[in-house]
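# Sharing a sequence plus its predicted fold:
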Amino acid sequence: MIGLIAAGVAVVLCLGLGCAGLVVYYLRSDSDSSADAGGESAVPATPGSSARTSSAECSGTVRPTHADTRPVGLPDFDAAATTGTATMRMTTNLGEIAISMDRARTPCTVASFQHLTGRRFFDGSTCHRLVTEGIHVLQCGDPSGTGRGGPDYTFADENLTGARYDRGVVAMANTGQPATNGSQFFIIFRDSSTALQPLYTPFGTVTTGLDIVDRVAAGGHDNSNPAGGGTPTLPLTLQTVTVD
């Protein structure tokens, strides 16, 4: 779960766990169907610095699989680049979305996306959740489309100190516990910094295609998620996703 406070309402970004039965809003990545998502808390890098977590803190944790898990094996976190930027390019049914990622601030996260895209993990997946109340995010990255899908590993948090969730920022969803990042992420289409606590690794910024996210947001959702939001009325399918 990802916990947020907005106008007295807790908003959570869900990843790995089902949100059903919760009376608060959850905006989480559901890449794990059990409460034990595994992983260890990492020391976050200071925003604006070139500091990074050590490879020991960066290393992932293998987690039990379930029906919505896609086994891909652990990334080579020890070889994660710590300088420069990378670009994640998402070719969608509505156009291209490009996300610039800072390897110095989030080397583990970038390494994970390189690993997943190299295995075509996201290709053909659909952004499964839109939240337009309290926080304003579009959540993607689950090939199963259930909100419970993800890879067979989790990894540490990064870049949380001073984290902001302004329009255009892209961050990882998690289970509400430290070091439970997987594959699910959310794109912020309206400033949500006052509502979101610094619990979700901000790893990138949309440089192209934020207008596409705006179109999906304007279309609304079906209110199908008990934790808040629902499936977008205007589908956004990630046809191919690459990192360069």
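Structure's in. What do you need?

# Quick check, central residue of this structure?
In the chain, the C-alpha closest to the average C-alpha coordinate belongs to residue 185, at a distance of 1.6 Å (C-alpha atoms, centre = their mean).

# phi, psi of that residue?
Phi and psi for residue 185, reported as degrees, to the nearest 10, are phi -140, psi 170.

# my read: it touches residue 150, true?
No - using C-beta atoms under 8 Å, residue 185 is not in contact with residue 150, being 10.7 Å away. In this view, the C-beta of every residue, glycine as well, is placed from N, C-alpha and C.

# what about the longest helix in the chain?
helix 107-118 (DSSP state H).

# strands paired with the host helix or strand of residue 205, and their directions?
Element membership of residue 205 [criterion: DSSP states H and E] is strand 202-208. Using DSSP bridges, strand 202-208 pairs in its sheet with strand 95-102 (antiparallel), strand 169-172 (antiparallel).

# Relative to residue 214, which of those is closest?
Among those, strand 95-102 comes nearest to residue 214, with 11.3 Å by C-beta to C-beta.

# how about low-confidence regions in this protein?
1-57 (pLDDT under 70).

# quick one, helices of it?
55-58, 107-118, 210-219.

# hang on, the earlier thing: check the strands paired with strand 202-208 for me and report the most buried one.
Highest mean neighbour count among those (mean count of other C-beta atoms under 10 Å): strand 169-172, with a mean of 28.

# Which of the helices of the chain sits closest to residue 176?
Using C-beta to C-beta, the nearest of those to residue 176 is helix 107-118, at 18.0 Å.

# Tell me the buried residues in the closest one?
Within helix 107-118, the residues scored as buried using 16 or more other C-beta atoms under 10 Å are 107-117.

# Mind giving me the packing neighbours of that helix?
Using 3 or more C-beta pairs under 8 Å, 6 or more residues apart in numbering; DSSP states H and E, the elements in contact with helix 107-118 are helix 55-58, strand 85-92, strand 95-102, strand 237-243.

# So what's the gap between the third one and the chain middle?
In terms of C-alpha atoms, centre = their mean, to the nearest Å, the gap separating the centre of strand 95-102 from the centre of its chain is 14 Å.

# relative orientation of that strand and strand 237-243 in degrees?
30 degrees (axes from the mean of the first three to the mean of the last three C-alpha atoms, to 10 degrees).

# Next, the angle helix 210-219 makes with strand 95-102.
Using the same axes, to 10 degrees: strand 95-102 against helix 210-219 is 120 degrees.

# just to revisit the earlier point, with distance to residue 214 added, can I get the strands paired with strand 202-208 in JSON lines?
Listed next are the strands paired with strand 202-208 as JSON lines, based on distance: least, C-beta to C-beta, whole Å:
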{"stretch": "strand 95-102", "distance to residue 214": "11"}
{"stretch": "strand 169-172", "distance to residue 214": "15"}
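
# Report the beta-bridge partner residues of the residue nearest to the centre of the chain.
Assigned bridge partners for residue 185, using DSSP bridges, are residue 140, residue 172.

# Look up how far residue 109 lies from it.
Separation of residue 185 from residue 109 (C-beta to C-beta, to the nearest Å): 9 Å.

# Let me know whether residue 191 touches residue 137 as I believe.
No - using C-beta under 8 Å, residue 191 makes no contact with residue 137, being 11.1 Å away.

# More neighbours: which of these two?
Remark: of residue 191 and residue 137, residue 137 carries more neighbours, 34 against 16, as counted by other C-beta atoms under 10 Å.

# re the thing from before, show me the common contact partners of residue 185 and residue 109, please.
172, 203 (C-beta atoms under 8 Å, 6 or more residues apart in numbering).
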